[in-house]
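> Structure for this input, please:
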Amino acid sequence: MSKHKPKLILVYEPEKACFDRLLADGFPPQRATEISSYLAQSTDIAADFAALAAACSARGLAFAPVALDDAGEALERADAENTLVWTLSDGIAYFRGGAAPALARLKGLRTIGADDSLFALCQDKFRSGAVLGALGLPVPQAGLARDGKWLVEPPASAAGWFVKPNRLGAKIGIWPDSRVGDLGHALQLSRRVFAAYRDDVVVQPYVAGRNVRASFLGLTPQTGTEALGVAFVDSGADFQTMADSMALYGETGEEAKAAGLYAEPQLVAVADVQPLADARIRAIAGRLIGGLGLRDVFSVDLRVEADDTVHMIEFEVCPGLPCFDFRDYCRKQWGLELADAMAATAASRLTSQRRYG
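Residues are numbered from 1 along each chain as shown. Have a look, this model is predicted:
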């Protein structure tokens, strides 16, 4: 029997490491800043490291935050029987976090979250949309364009279309004109996205409704969709742009707060306003757990219309844990601050016999 103290390793990719790689790859500094800002939770969660260490210690665990570039060595030394790996930031294109769960599997280490195949799938919105559609989930059908040329033409839409990058934080529209009324404009946006970010664009029929975030953290392996937190996220805008995103999180978020430009969106429980929509979203989450393999920690972004029609937009295997909405979820659902909720989840896995393959 191993004598090592059970340990939670939190693997994260720092903004600065990503920024430096993007510069080396030829991205201009402004674009590198924008792209690396998607790793803001790695910056924001650093303020919680001391609380995480204390919360883990209170439950008999050691805690080790590990930057992604150091993960290979850290996981090589880890004791497979008593180590749990939690990957904070994902990515297969601009970001590299998807390597962490694959490396953990290679080393025979237990993990929190979905298996590494879903880390790749969720970052390619066109492919993930096809899989979600095959599972019967209510995702808008999509076209795909690259640098002004259609790879797959989008369906007709009387309400117009929404254009978003395929692999770069893809629920946002980048620019305020990302909702378009003609497909010529969509192709123009695909040229702008390709020139700025070297990415394809997904072009979907525009769907009306309010933005909803469904958050999940399973404090025990038996936790089900009853623990899902489903909330309207009302920011006053129809959709989030790159500028909106950068004003909320990370280093750029701190600058926005200092300049008085930060406005935290309001959260309203969907069940309090549209209980039928809430029930439909929980059924969607159940399908994602049973049919796709989501587990432990994830989020789902949706649009909900006034008649309770639900449109699923995307899922995330690495939700923004230190973000305002996930912290709010931990308090309301579990009565815990983020650090204690994470430590309790890790302890329940390390003390159970369940192993993830």
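> CA atoms for contacts and neighbours, from now on please.
Will do.
> residues making contact with the helix or strand hosting residue 329?
Using DSSP states H and E, residue 329 sits in helix 324-329. Surrounding helix 324-329, the residues in contact under the criterion CA atoms under 8 Å, 6 or more residues apart in numbering are 215, 229, 264, 267, 319, 320, 321, 337, 338.
> next one: stretch 147-156
141-145, 187-195, 200, 203-205.
> Could you do stretch 48-64 as well?
Stretch 48-64 is contacted from outside by 5-10, 65, 339-340, 342-344, 347, using CA under 8 Å, 6+ apart.
> what about burial for the contacts of stretch 147-156, which qualify?
142-145, 187, 189-194, 200, 203-205 (16 or more other CA atoms under 10 Å).
> From these, pick the one nearest residue 101.
Lowest distance from residue 101 to the buried ones among the contacts of stretch 147-156 (CA to CA) belongs to residue 200, with 25.9 Å.
> what's the following helix or strand after the longest helix anywhere in the chain?
In the chain, assigned by DSSP state H, the helix with the most residues is helix 183-197. Once helix 183-197 ends, the next helix or strand along the chain (criterion: DSSP H and E) is strand 201-205.
> Let me know the secondary structure of residue 287.
helix (DSSP: H, G, I helix; E, B strand; the rest coil).
> ok now do it, which residues does it touch?
residue 135.
> and the gap between it and residue 94?
From residue 287 across to residue 94, the span is 29 Å (CA to CA, to the nearest Å).
> Same check on residue 208?
For residue 208, the distance to residue 94 - CA to CA - is 30 Å.
> what about those two, which has more around it?
Set side by side, residue 208 and residue 94 show more neighbours around residue 94, with 20 against 15, by other CA atoms under 10 Å.
> circling back: return the subset of the contacts of helix 324-329 lying in strands.
Among the contacts of helix 324-329, the members found in strands (DSSP state E) are 215, 229, 267.
> Can you show me the helices along the stretch 151-300 of the chain?
183-197, 242-246, 250-258, 270-273, 275-287 (DSSP state H, counting those that start in this stretch).
> Lowest mean pLDDT across these, which one is that?
Among the helices of the stretch 151-300 of the chain, helix 250-258 carries the lowest mean pLDDT, a mean of 53.
> And the average pLDDT for stretch 83-100 is what?
Mean predicted confidence for stretch 83-100 is 92.
> cool, and stretch 228-236?
On average, stretch 228-236 scores 88.
> Can you tell me what sits against it?
By CA under 8 Å, 6+ apart, stretch 228-236 touches 210-217, 263-271, 278, 281-282, 329, 333.
> ok, residue 314 - contacts?
Residue 314 touches 122, 125, 129, 171, 300, 301, 302, counting by CA under 8 Å, 6+ apart.
> do that again at 10 Å, thanks
122-123, 125, 128-129, 132, 139, 170-171, 299-302 (CA atoms under 10 Å, 6 or more residues apart in numbering).
> Looking at the residues you listed, spot the one nearest residue 30.
residue 170 (18.7 Å).
> And that closest one, what's its pLDDT?
pLDDT, residue 170: 52.
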